[in-house]
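> model the following, please.
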Amino acid sequence: MIKQIEGGVTAAKGFMAAGVEAGVKYENRRDMAMVYSTVPCVAAGTFTSNIVKAAPVLWDQKIVEESPFVQAVVVNSGIANACTGQQGMDCCEAESRCAGELLGIPENTVLVASTGVIGMQLPLDRIRKGIHKLAEAKADSLEAGLDAAKAIMTTDTVPKQIAVEVVIGGKKVTLGGMCKGAGMIHPNMCTMLGFLTTDVNISKELLQKAVREDVADSFNMISVDGDTSTNDTLLVLANGLAENEKIVSQGEEYDAFCEALHFVTRYLARKMAGDGEGATALIEAKVVGAATKEDARILAKSVICSSLTKAAVFGHDANFGRILCALGYSGAKFNPEKVDLYFQSKSGEIHIFGHGVACDYSEEEATKVLSDPEVTILADMHMGDEEAVAWGCDLSYDYVKINADYRS
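Just a heads-up that it's a prediction; the model follows:
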């Protein structure tokens, strides 16, 4: 049984964190974070599929693949360290070396991440000073974890964190996580920065397998604006301090960990989708009755990526033609005459389309349902038994305003 508890990345045993003001780009706000384990961790990660990869992505891919263990992550917001050439890579190395020296760990056990404006070089002097502040400020308190979650925000309006407990092998295992993401969000690995910590004892190979397979139904099922970032990074650190018997093969204990992992990633994915730039509503697209799992994913993602559907939800307009259109161009095969469409929210449910024609529904009731802060679009394809869920947000005037002057 999974129990949600208070906290984020410091909830699991042995993890510390900090968030400080370093003046990387912003003034009078936290803009650098650190996550640190008191003991070595096995690490797993997934990264952007964009061919244009930021320097921290290239650095972390190498560390995750080649280093036997990791122990710390340093993150900055404001500047992405993307499209910065060799200088950007040199900065990653300098960050890791600085953190390693201060924490007393090898530099190849320090991961780095950046988020913000593309094309700007990081001010390395401020970054180094920030790392000094982080090393001094790190703590295992819930407050320290929240400070770190706040420090990685850019256009996010709220910090995003969660922690859960689950019993594995008779031992209490804790997972905590934080993420950021509000714009340049589109499922294609995972579009964001995300950091998960856990005290589970698990092999590196199985941790990587669990993370890789999980993102297919969590972070890869969200979209805000259809843009896949250069900096997408999800890192998971496991330090083994829960002292469960090490998970080295698939089975009941592995499945229990995967279930808890998905609880955390699904929660964070929904939080990102609902906090999309300028958003006023979280849109959940649930497809049931699909012929295959892949069809279900394709159909659900097509709906939440449709700009016209997003705009209709913003306007509280029950324009089901836009949803059918998105389903139709998705690439999945289905019979339009069999599709049933519903709108759902806390205000009720409306059957809006079925048997190839519009249903007899009240426009006023549909508008009421679409006016809630969380709206579900349910599509029953009547083609099979597979289903999938995707999450996005509505498209408001403020999205353009935010991105029109993002660099200023």
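
> hmm, Leu341 and Phe353 touching each other?
Yes: under the criterion of Cβ atoms under 8 Å, Phe353 makes contact with Leu341 at 4.0 Å. The C-beta positions use only the backbone N, C-alpha and C, and glycine is treated the same way.

> can you map out the strands along the stretch 251-400 of the chain?
Applying DSSP state E, counting those that start in this stretch to the stretch 251-400 of the chain gives strands spanning 282-290, 340-345, 348-354, 357-358, 374-380, 386-393.

> out of those strands, the one nearest Ile131 is which?
strand 386-393 (34.3 Å; Cβ to Cβ).

> related to what we said a few turns ago, now for Phe353 and Leu341: what residues contact both?
Common contact partners of Phe353 and Leu341 (Cβ atoms under 8 Å, 6 or more residues apart in numbering): Phe320, Leu324.

> ok so, going back, okay, the strands of the stretch 251-400 of the chain in JSON lines with mean neighbour count and distance to Thr109 next?
Converted to JSON lines, these look like this (neighbours: other Cβ atoms under 10 Å; distance: least, Cβ to Cβ, whole Å):
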{"stretch": "strand 282-290", "mean neighbour count": "24", "distance to Thr109": "37"}
{"stretch": "strand 340-345", "mean neighbour count": "20", "distance to Thr109": "47"}
{"stretch": "strand 348-354", "mean neighbour count": "17", "distance to Thr109": "51"}
{"stretch": "strand 357-358", "mean neighbour count": "10", "distance to Thr109": "60"}
{"stretch": "strand 374-380", "mean neighbour count": "20", "distance to Thr109": "41"}
{"stretch": "strand 386-393", "mean neighbour count": "25", "distance to Thr109": "34"}
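
> now tabulate those in TSV and tack on mean pLDDT.
Formatted as TSV, these follow (pLDDT from 0 to 100):
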stretch	mean pLDDT
strand 282-290	97
strand 340-345	98
strand 348-354	97
strand 357-358	96
strand 374-380	98
strand 386-393	95
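
> check contacts around Ala216.
Arg297.

> any idea of the mean pLDDT for stretch 267-279?
Mean pLDDT, stretch 267-279: 85.

> next one: stretch 401-408
Here the average pLDDT along stretch 401-408 is 68.

> tell me, how many residues neighbour the nearest residue to Ala290 once chain neighbours are set aside?
Using Cβ to Cβ, 6 or more residues apart in numbering and skipping residues adjacent in sequence, the residue nearest Ala290 is Ala296, 3.7 Å away. Counted with other Cβ atoms under 10 Å, residues neighbouring Ala296 total 26.

> from what I see, Ala296 and Ser302 are in contact.
No: here Ala296 lies out of contact with Ser302, judged by Cβ under 8 Å, at a distance of 10.9 Å.

> these two touch, right, Pro355 and Pro336?
One correction, residue 355 is His, not Pro. No: contact criterion Cβ under 8 Å: His355 and Pro336 do not qualify, at 10.0 Å.

> give me the common contacts of those two.
Joint contacts of His355 and Pro336 (Cβ under 8 Å, 6+ apart) do not exist.

> show the pLDDT at Pro56.
For Pro56, pLDDT reads 95.

> does it sit in a helix, a strand or a coil?
With DSSP: H, G, I helix; E, B strand; the rest coil as the basis, Pro56 sits in helix.

> that one and Asn239, how far apart?
22 Å (Cβ to Cβ, to the nearest Å).

> for Gln344, give the beta-bridge partners.
Beta-bridge partners recorded for Gln344 (DSSP bridges): Glu349, Thr376.

> and for Gly176, the neighbour number?
Gly176, neighbours per other Cβ under 10 Å, totals 28.

> helices or strands next to the host helix or strand of it in the packing?
Under the criterion of DSSP states H and E, Gly176 resides in strand 171-180. For strand 171-180, the packing partners by 3 or more Cβ pairs under 8 Å, 6 or more residues apart in numbering; DSSP states H and E come out as helix 142-151, strand 160-168, strand 193-198, helix 252-274.

> just want the angle from it to strand 193-198.
170 degrees (axes from the mean of the first three to the mean of the last three Cα atoms, to 10 degrees).

> partner strands of strand 171-180 and their direction?
Strand 171-180 is paired, per DSSP bridges, with strand 160-168 (antiparallel), strand 193-198 (antiparallel).

> pLDDT (mean, whole number) over it?
97.

> buried set for that strand?
The neighbour-count check on strand 171-180 (16 or more other Cβ atoms under 10 Å) flags Lys171, Val173, Thr174, Leu175, Gly176, Gly177, Met178, Cys179, Lys180 as buried.

> so what pairs up with the last one in the strands?
Pointing back at Lys180 there. Counting by DSSP bridges, the residues bridging with Lys180 are Leu193.

> got it, and the fourth one?
Bridge pairing for Leu175 (DSSP bridges) gives the partners Val164, Thr198.

> kindly provide the distance from Gly45 to Ala358.
Using Cβ to Cβ, Gly45 is found at 47 Å from Ala358.

> can you check Ala137 too?
In terms of Cβ to Cβ, Ala137 sits 59 Å off from Ala358.

> swap in Lys333?
23 Å.

> mind checking the helices and strands packed on strand 171-180 for the one nearest to Glu65?
strand 193-198 (18.0 Å).

> now the element after that closest one, going C-ward?
Scanning onward from strand 193-198 (DSSP H and E), the first element met is helix 204-214.

> report the contact partners of Leu175.
Taking Cβ under 8 Å, 6+ apart as the test, what Leu175 contacts is Ala11, Ala12, Ala163, Val164, Val166, Leu196, Thr197, Thr198, Val200, Ala260, Leu261, Val264.
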